[in-house]
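[1] Sharing a model prediction with you, sequence too.
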Amino acid sequence: MTKIIVTLGPATNSFEKISMIKSKGVDFVRVNMSHSSIDDLKYFIDLAKKADIQFIVDTEGSQVRTGNLSTKSISYKENETIRLHKNEIIENNSISLRPKEILDQLQEGDLLYIDFDTLVVRVSDISSINKGYIEATIISSGNLGNNKGVVIDPKHPRKFNIPTLSKKDNEAIKIGIKNKIGYIAMSFVRSGEAVKEVRRITKNKMKIISKIECKDALENLNDIISESDYLLIDRGDLSKEIPIEKIPFTQKIIVQRAKQANKFVYVATNLLESMILNRKPTRAEVHDIINTIVEGAYGLTLAAETAIGKYPIGCINMLNKIIHHSNIEVYTNEIKNKEKKFVQCLETSNYLLDETISHSIVQPNGGKLINRVSQSHIDVDYVKSIEKISLNENQYLDFEQIAIGTYSPLEGFMTKLELDSVLDTLRLPNGTIWPMPILLDVSLEKSRRIKEGDTVALLTESNEFIGTIHVKDKYSYDKQVLAKKFYGHNDQKHPGVKIINSLNPVFIGGDISLYKRRNYKYSEYSLTPKQTRKLFEEKNWLSVVGFHTRNVIHRAHEFIQLSALSKGKCDGIFLHPVVGKKKSGDYNSSVIIKSYEIMQKHFYPEEKTVLSVFSTYSRYGGEKEALFTALCRKNYGCSHFIIGRNHTDSKASVDNNDSTTIFSKFQDIGMEIIRFNNVYYSKSQKRYFEEDEYTTNAKKDDKMFISGTEARELFKNQKLPPSWFMRPEVSAMIINAIKANEDVFVL
């Protein structure tokens, strides 16, 4: 009762082999057009016709793939710089992509996942696109072979314009129609409209098998089912776009939805993969096939097993044995009803599309990663007709961080109810921990033109439209009370109090939508929480320790980071320096990033670090800001976070100078805090130590310290700090930048 599709290739390229396949009860044969030529297609169609077995035309579809290489495989290492080319370029430091139109659509900060070996590439510079290439950086090592699939994880959520069919696909369809082939397997189906397009091109002469192998297909699944004759789940390509542990339940949902529409589903990938080289399958493979049949799959597809494997006929025999055994019990109503009820539970939780359903890394704050980035286009005339608010730099940073989920569970600027709750309890009204007021302040004059229920356009300081806010609340708040509640004082010299005193008198609260993210100097490093979570998943990191900094890295930081990696038994470190507005005398962000690039390239253990930037600004909130920075890194996927006694220290004597104490009050934070006392360099031991009861009593002249202020003064005088304080390579980079008249420090 279960149909079989067999993929033909070098292992099954003779009339005798295909006749044998036919005799085994196989229903269809095909060739994989991603790895076959038009001449191959013609050859195998002729053989199938002679053997009297039905053929399926298989398309390449709307997939991004790499080109050919100078060798069979190339190994790329972390932090290498490569070029991505439009045209076929066979060089070791270059990767060509097709369709070539995709290169024009890539942006700095986009991540590219290449093949199953998970070579991960970050787009770093698109300024050379007119020359036919862009530059990228390897951020996860891996091997690359010829003609491999590419999945793009964009920094800005957006749809890519990729043709439904390739030039080769259109030629293959013409050959199929000419030979009266009755079926077409449509690869990388992304919408019901794409199925309609292929039906028009095939002149309705072929039954369409829509292959579900990308997230777009899951988002538009019901439309695709409606427009298709059959479905085929390609679990291999699909596992590049969703966590591999979600594949089994996703398969169940697709099969059940298709059943409800009286459509049938084939399942492909890794059915008998071990039999490419071995005579017998693994127990896990047999278990998988039986479960797939029990779920109600209409058919099974053999791919590499019969195309290039050593035992193609043995694979078919084994599959027939498993199918025969399964059919003994599989079609009882009791089993059908149990499967249906289980899938109903999955559907209730929105399992198919909820990207947060995964237990492999820490859950976002509040349980859901917020996404307020709109992919729709807004009417220009509508924007002109509504009230507008121009955001200053700090407001824009908060607006963007809300939208991409860094401030989850916030979905907008705070209402008065939310602000009161945060100031009084450090929690939102629903009980979720959140210590930081996130406010949109406007002038009294502007507030008079805005009322609750309005949708207001949000602009940059240069009046460029970037998003909207749906106004829920409009209110005023006594600044003295606000400062007293948040900082615990009203010291007018305190930098945080100064920020509050500078705010406009009226606050606007409500949910936001971001329509356009900015492109700026550090765009390639401005990864979103969604991107880093996927990256951690692909690196197979279950525990990640986050590090917050506003400074160039020195040896004490290096000691703390590597110690935390060991203390927390973590798989990797998330290096996340702040690049927002800074105060005079701070290091410029470009110098901080370069210092970490040097560390990644030369000193950190390979495959143990991810570098990104945090586009925010300091509120000088002491322990409350420490809690805030921890929660933001939790949203990025960090299970652990490093906190020092003077974390985000404002240098104001009225502040609590121990930022670690607040975490004892919030045991439900959902992440592990790795606390550090002050660290020092021991002259006698020639290494760093963390101060504790023993080392506190060590000889004072053995403890070596240099403050950040002292280091800056040395640099300004073009003198190198000692090597025990900072890596000479980092110091030299800073000195060279000063000599080149670069802005090393904020003026």
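    Nice, thanks for sending it over.
[2] Kindly report the domain assignment for this structure.
    3-61+162-348, 64-153, 380-514, 523-676+707-739 (automatic domain parsing).
[3] Does Thr709 lie in a helix or a strand, and which?
    helix 708-716 (DSSP states H and E).
[4] all strands in the stretch 201-350 of the chain, in order from the N-terminus.
    With DSSP state E, counting those that start in this stretch as the criterion, the stretch 201-350 of the chain has strands at 207-212, 230-234, 264-268, 299-302.
[5] what separates the nearest residue to Thr250 once chain neighbours are set aside from Gln344, distance-wise?
    Leaving aside its chain neighbours, Thr250 sits nearest to Leu352 (6.2 Å; criterion: Cβ to Cβ, 6 or more residues apart in numbering). The way it works is simple: take the backbone N, C-alpha and C, and place the C-beta from them, glycine included. Leu352 sits 13 Å away from Gln344, going by Cβ to Cβ, to the nearest Å.
[6] Which of those two has more residues huddled nearby?
    Leu352 (19 against 11; other Cβ atoms under 10 Å).
[7] you'd agree that one is in a strand?
    No. If the criterion is DSSP: H, G, I helix; E, B strand; the rest coil, then Leu352 is coil and not within a strand.
[8] Go ahead and confirm it touches Gln256.
    No. Between Leu352 and Gln256 there is no contact under Cβ atoms under 8 Å: 10.9 Å.
[9] Next up, phi/psi of the residue nearest to Thr250, please.
    phi -60, psi -40 (degrees, to the nearest 10).
[10] In contact with it: list those residues for me.
    Contacts for Leu352 (Cβ atoms under 8 Å, 6 or more residues apart in numbering) come out as 218, 221, 250, 253, 346.
[11] Tell me which residues touch the residue positioned nearest the centre of the chain, please.
    Nearest to the geometric centre of the chain sits Gln531, at 2.2 Å (Cα atoms, centre = their mean). Gln531 is in contact with 109, 111, 153, 155, counting by Cβ under 8 Å, 6+ apart.
[12] quick one: low-confidence parts of the stretch 51-200 of the chain?
    117 (pLDDT under 70).
[13] just to revisit the earlier point, can you put the contacts of Leu352 in TSV and add neighbour count, distance to Leu8 and pLDDT?
    TSV is the format used below for the contacts of Leu352 (neighbours: other Cβ atoms under 10 Å; distance: Cβ to Cβ, whole Å; pLDDT from 0 to 100):
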residue	neighbour count	distance to Leu8	pLDDT
Leu218	19	29	97
Leu221	22	29	98
Thr250	22	28	97
Ile253	20	31	97
Leu346	16	36	91
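[14] wait, which of these is closest to Ala268?
    Comparing those against Ala268 with Cβ to Cβ places Thr250 closest, at 13.9 Å.
[15] buried residues in stretch 525-540?
    By neighbour count on 16 or more other Cβ atoms under 10 Å, the buried set for stretch 525-540 is 525-539.
[16] among those residues, which are in helices?
    529-538 (DSSP state H).
[17] Tabulate these in CSV, adding columns for distance to Val610 and pLDDT.
    Converted to CSV, these look like this (distance: Cβ to Cβ, whole Å; pLDDT from 0 to 100):
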residue, distance to Val610, pLDDT
Pro529, 12, 96
Lys530, 14, 94
Gln531, 10, 95
Thr532, 7, 96
Arg533, 11, 94
Lys534, 11, 91
Leu535, 6, 93
Phe536, 7, 93
Glu537, 12, 89
Glu538, 11, 88
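[18] Between those, which sits nearest Ser390?
    Pro529 (26.8 Å).
[19] Go ahead and confirm that closest one touches Asn635.
    Yes. With contact defined as Cβ under 8 Å, Pro529 counts as touching Asn635 (4.8 Å).
[20] sorry, back to before: and the ones in helices among the buried residues of stretch 525-540, which is closest to Ile45?
    Of those, the one sitting nearest to Ile45 (Cβ to Cβ) turns out to be Glu538, at 38.3 Å.
[21] residues bridging contact with Pro529 and Asn635, i.e. touching both?
    364, 369, 405-406, 408.
[22] now the strands: where do they sit in the stretch 501-650 of the chain?
    506-514, 544-549, 572-577, 609-611, 640-644.
[23] for the stretch 1-150 of the chain, same thing?
    Secondary structure of the stretch 1-150 of the chain (DSSP E, counting those that start in this stretch): strands at 3-7, 28-30, 54-58, 64-66, 73-76, 81-85, 94-98, 111-114, 119-125, 133-140, 142-145, 149-153.
[24] Asp692: which of those is closest?
    Of all the strands of the stretch 1-150 of the chain, strand 133-140 comes closest under Cβ to Cβ, at 36.1 Å.
[25] Export the closest one to CSV, keeping only CA atoms.
    Only the C-alpha atoms of strand 133-140 are listed here, as CSV (Å, rounded to 0.1, in the frame of the first residue of the first chain):
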residue,chain,number,x,y,z
TYR,A,133,31.5,40.0,-5.7
ILE,A,134,31.0,40.8,-2.0
GLU,A,135,33.2,40.0,1.0
ALA,A,136,32.3,37.6,3.8
THR,A,137,33.8,36.2,7.0
ILE,A,138,33.8,32.5,8.1
ILE,A,139,32.2,32.4,11.6
SER,A,140,31.9,28.7,11.9
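[26] Sheet-wise, list the partners of that strand with their directions.
    strand 81-85 (antiparallel), strand 119-125 (antiparallel) (DSSP bridges).
[27] can you confirm Ile734 is in a helix?
    Yes. Counting by three-state DSSP, Ile734 is found in a helix.
[28] Roughly how far does the nearest residue in space to it that is not next to it in sequence sit from Val579?
    Of all residues not flanking Ile734 in the chain, Phe715 sits nearest, at 5.5 Å (Cβ to Cβ, 6+ apart). Plainly put, Phe715 is 19 Å away from Val579 if you go by Cβ to Cβ.
[29] Next, count neighbours for Phe574.
    Phe574: 26 neighbours (other Cβ under 10 Å).
[30] Enumerate the beta-bridge partners assigned to the closest residue to it other than its chain neighbours.
    Nearest non-adjacent residue to Phe574, counting by Cβ to Cβ, 6+ apart: Gly546, 4.6 Å away. Beta-bridge pairing of Gly546 under DSSP bridges involves Phe574, Phe641.
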